[in-house]
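# Give me a model of this one.
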Amino acid sequence: MIEKLISVFIMIVLFYMSIGSITEFSKLDYDKISLLIKEFNLGYIEDIQIKEIPSICDINYSPIDFDFDYSGNYKGCQCINKSNRSKIDSFLDKCPDNRDECTFFKERNEKEILYWRSKLICIKRSDLSLKDFSLVANSSVKCKDDFKSCGRIDTLGNYLCIHKNNTCPVSNIGILHDPRDGNF
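As a prediction, this is how the structure comes out:
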């Protein structure tokens, strides 16, 4: 009798745990997952160029898709009070004359983001995607003949092997100070 009660209790607990895990799984952002899968299926990025604007990308390069659009804003006025709190009044044609800490802003329409800090970022994609390559479990195992290692590809210690004629994918990006213009 006790065994049956324990079995029923365990089944109820497992049932509630199953419902809980399904509920958590349903909170996933499917749009972001589909974008990730789409990116994974595209050719890998083998080179990046930074261009001054106005400019266009070189042949075989395309502007990076930030997948983000600026939604725009209404015209208005932003004022900061004595307690350093900001207040925004939309649809105003100008800021009140009696306030010192106010800034007027114009209406801006929705806009596709193509630039980063006034720079055009161009990428060159390979015809191959990362799924076309093999992983080697650790650095002591060598890539097959006619293949080269592009280094560690993940936190699990796997290394990426690609054909010697292909360019390794970009795997590290650094934003450095440019002494020519003082910008980062």
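
# which stretches of this structure have low pLDDT?
1-9, 12-32, 35, 66-68, 98-100, 130, 138-141, 175-184 (pLDDT under 70).

# now the helices for it?
2-25, 30-41 (DSSP state H).

# ok, now how distant is the residue lying closest to residue 124 once chain neighbours are set aside from residue 143?
Spatial nearest neighbour of residue 124, excluding adjacent residues (Cβ to Cβ, 6 or more residues apart in numbering): residue 47 at 4.2 Å. The C-beta positions use only the backbone N, C-alpha and C, and glycine is treated the same way. According to Cβ to Cβ, to the nearest Å, residue 47 and residue 143 sit 22 Å apart.

# Between the two, which is the more surrounded one?
Legend: neighbour count by other Cβ atoms under 10 Å for residue 47 and residue 143, higher for residue 143 (18 against 15).

# list the contacts for the more buried one?
By Cβ atoms under 8 Å, 6 or more residues apart in numbering, residue 143 lies in contact with 134, 136, 149, 159, 161.

# let's see it at 6 Å
149, 161 (Cβ atoms under 6 Å, 6 or more residues apart in numbering).

# Run through the strands of this structure in chain order.
Counting by DSSP state E, the chain has strands at residues 45-52, 62-63, 69-70, 76-80, 86-90, 102-105, 111-112, 115-116, 119-125, 134-136, 147-152, 159-163.

# Quick one: those as a markdown table, columns for distance to residue 170 too.
Shown next, in a markdown table, are these (distance: least, Cβ to Cβ, whole Å):
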| stretch | distance to residue 170 |
| --- | --- |
| strand 45-52 | 5 |
| strand 62-63 | 14 |
| strand 69-70 | 25 |
| strand 76-80 | 39 |
| strand 86-90 | 39 |
| strand 102-105 | 37 |
| strand 111-112 | 23 |
| strand 115-116 | 16 |
| strand 119-125 | 8 |
| strand 134-136 | 18 |
| strand 147-152 | 10 |
| strand 159-163 | 12 |
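
# can you tell which of those is closest to residue 38?
Nearest to residue 38, of all those, is strand 119-125, at 12.7 Å by Cβ to Cβ.

# Check which helices and strands the closest one sits against.
Under the contact criterion of 3 or more Cβ pairs under 6 Å, 6 or more residues apart in numbering; DSSP states H and E, strand 119-125 touches strand 45-52.
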